[in-house]
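**Student:** Have a look at this prediction, sequence included:
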Protein chains: 4
Amino acid sequence: MINKDKYFFTLEIAVRDYELDSEGIVNNAIYLHYLEHTRHAFVKQEGLPFGSLTTEGLVPVVKRMTIDYHCPLRSGDVMVSCLWVERKGPRFIFYQDIFKKQGGEPVVSAAVTIVCLEKDGRINRGDDLAARLSKYFDKP
Amino acid sequence: MINKDKYFFTLEIAVRDYELDSEGIVNNAIYLHYLEHTRHAFVKQEGLPFGSLTTEGLVPVVKRMTIDYHCPLRSGDVMVSCLWVERKGPRFIFYQDIFKKQGGEPVVSAAVTIVCLEKDGRINRGDDLAARLSKYFDKP
Amino acid sequence: MINKDKYFFTLEIAVRDYELDSEGIVNNAIYLHYLEHTRHAFVKQEGLPFGSLTTEGLVPVVKRMTIDYHCPLRSGDVMVSCLWVERKGPRFIFYQDIFKKQGGEPVVSAAVTIVCLEKDGRINRGDDLAARLSKYFDKP
Amino acid sequence: MINKDKYFFTLEIAVRDYELDSEGIVNNAIYLHYLEHTRHAFVKQEGLPFGSLTTEGLVPVVKRMTIDYHCPLRSGDVMVSCLWVERKGPRFIFYQDIFKKQGGEPVVSAAVTIVCLEKDGRINRGDDLAARLSKYFDKP
């Protein structure tokens, strides 16, 4: 079952039929779209619309992703997409789980490592993004 | 402004950031996904889930589409996707308009011709689909 | 059969399996990707890489599209994507046909109206783009 | 540099402009499409077209993926997509690396765990697939 207390943010997303592949299940790449959409909705809720982040010159990019596929989504399914975040220096690790809304069955679990790039391509130390998300991180 | 009385069906859809192209606007092909998603939601509301239509052996396919692009959608936009349908023998013409939810500005207008294919690839006369959607068509 | 003499440009494109939908055929929206990819390859061959066009401040956008779907593409198919162009003032009409490589069967036929937008969103008169493509237009 | 000796299979793939996101780089989800396309091309070369695999009742599905993103692809880039495979009981681990064709810079590295599902959803022991790919596996 979904323990929403664990997460910073949850979002409901409905499968759209064009996301199915020829097996009638959502294609494996599409889950990365769902995960990205959830991260963008989260930072937007925090007053960090994706657009403004990039006009400040910082471009968040995915450096690493580990994803486990538990159970495929099909036509008509609605999912609950959940995340929490951990900071490790310049790296922000988004732990993201997707469940079926009906029944709560786990669909995918992912750990997504994000870094922010400066305009010159170097990795930003992450202090700006951490400050904007500070309420989620433990105080020393 | 959106005159919802004109339409058989309306659906709100939010832009997802991965649907933007390198110009920061929704890519022209993505609108066809929105239009298809709207048609599927419409027939599903009529008790015709896309899946059951195909297990009966009828495959609805797009034969022709005309689409005018009025104004691009961007990150954060929500659209109202509207449709009405006209039957011309075996052809079902879906007239589909998308508006910005905020302000009602027209985004795209499309006429989408659908036919149903039999299992052997021949075009179905359309009577089955018309019967299912009969409340929308004028009686003689 | 394909009459390549008619066209300014032809490009071979292979179907990738993730472009199939749950019917096992290429989804109707994907053909717009193929058509766009062909236009970009054409202007690139003319020394107009898509990127440089936009850094000059001109953004080509699709204003209108009419597309007829003759025959679906499936897994393993290779297509020949062909185009020629006509200018009507600020509008560039790309006539684009896609055929199966094997057998030459027509797949889709489209007329795609492109205009170039200035940075302020106004429609460019099209003289710059026409000059770059002048060898294709009849002299008075 | 690319050491092609290490791999069972390599495939050149060109970036298509519609695969770029609003940052002008290939979206992170698209690499999963490239990786899948490479796996399908590999099994097809082995006389195992994706379609025939599924009509035999076995559906290969992705169970787990780990992917490191080293360097983004951009408009005009061509990649060399390479793979080798290891079997661990019912699991087939595809080790997949993508390099820029020009210069050989690493783009992504992934380990993709595939299992074959029976028609009833159970995990197949993998002997059939292993037999078809036996020339790649060490003899005891």
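**Tutor:** That came through, no problem.
**Student:** Go ahead and confirm residue A:39 touches residue A:94.
**Tutor:** Yes. Here residue A:39 reaches residue A:94: they are 5.9 Å apart, a contact under CB atoms under 8 Å. Any C-beta I mention is one placed from the backbone N, CA and C, and that applies to glycine too.
**Student:** Touching both of those two, which residues are there?
**Tutor:** Shared contacts of residue A:39 and residue A:94 (CB atoms under 8 Å, 6 or more residues apart in numbering or on different chains): A:83, A:112, A:114.
**Student:** Quickly list what the last one is bridged to.
**Tutor:** This points to residue A:114. Residue A:114 has these beta-bridge partners by DSSP bridges: residue A:62, residue A:92.
**Student:** quick one on the thing from earlier: ok, of the shared contacts of residue A:39 and residue A:94, which one's closest to residue D:68?
**Tutor:** Using CB to CB, residue A:112 is the member of these that lies nearest residue D:68, at 12.0 Å.
**Student:** which residues does that closest one contact?
**Tutor:** Counting by CB under 8 Å, 6+ apart, residue A:112 has contacts A:35, A:39, A:62, A:64-65, A:93-94, A:96.
**Student:** Inside strands: which ones of the residues you listed?
**Tutor:** Among the contacts of residue A:112, DSSP state E puts A:62, A:64-65, A:93-94, A:96 in strands.
**Student:** lowest-confidence helix or strand of chain A?
**Tutor:** helix A:50-55 (a mean of 57; mean pLDDT, DSSP states H and E).
**Student:** re earlier: turn the ones in strands among the contacts of residue A:112 into TSV, columns for pLDDT and neighbour count.
**Tutor:** Below are those laid out as TSV (pLDDT from 0 to 100; neighbours: other CB atoms under 10 Å in any protein chain shown):
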residue	pLDDT	neighbour count
A:62	94	22
A:64	97	16
A:65	98	25
A:93	95	16
A:94	95	22
A:96	97	26
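**Student:** Return the set of buried residues in the helix or strand where residue A:112 lies.
**Tutor:** If you go by DSSP states H and E, residue A:112 is part of strand A:106-117. If you call a residue buried by 16 or more other CB atoms under 10 Å in any protein chain shown, then strand A:106-117 has these buried ones: A:107-110, A:112-117.
**Student:** how far is it from where the chain is centred?
**Tutor:** 6 Å (CA atoms, centre = their mean, to the nearest Å).
**Student:** Grab the CA positions of that strand and hand them over as PDB.
**Tutor:** Output in PDB follows, covering the C-alpha atoms of strand A:106-117 (Å, rounded to 0.1, in the frame of the first residue of the first chain):
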ATOM      1  CA  PRO A 106       3.800  -0.800  -6.900                       C
ATOM      2  CA  VAL A 107       4.600   0.000 -10.600                       C
ATOM      3  CA  VAL A 108       8.100   1.300 -10.600                       C
ATOM      4  CA  SER A 109      10.700   2.400  -8.100                       C
ATOM      5  CA  ALA A 110      13.500   4.700  -9.100                       C
ATOM      6  CA  ALA A 111      16.500   6.600  -7.700                       C
ATOM      7  CA  VAL A 112      17.300   9.600  -9.900                       C
ATOM      8  CA  THR A 113      20.500  11.600  -9.400                       C
ATOM      9  CA  ILE A 114      20.200  15.200 -10.500                       C
ATOM     10  CA  VAL A 115      22.900  17.800 -10.700                       C
ATOM     11  CA  CYS A 116      22.600  21.500 -11.800                       C
ATOM     12  CA  LEU A 117      24.900  22.600 -14.600                       C
END
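**Student:** State the mean pLDDT of that strand.
**Tutor:** Averaged over strand A:106-117, pLDDT sits at 94.
**Student:** What of stretch A:22-39?
**Tutor:** For stretch A:22-39, mean pLDDT is 91.
**Student:** so does that stretch get close to chain B?
**Tutor:** Yes. Counting by CB under 8 Å from any CB of the partner chain, chain B has neighbours in stretch A:22-39: A:24, A:33, A:36-37.
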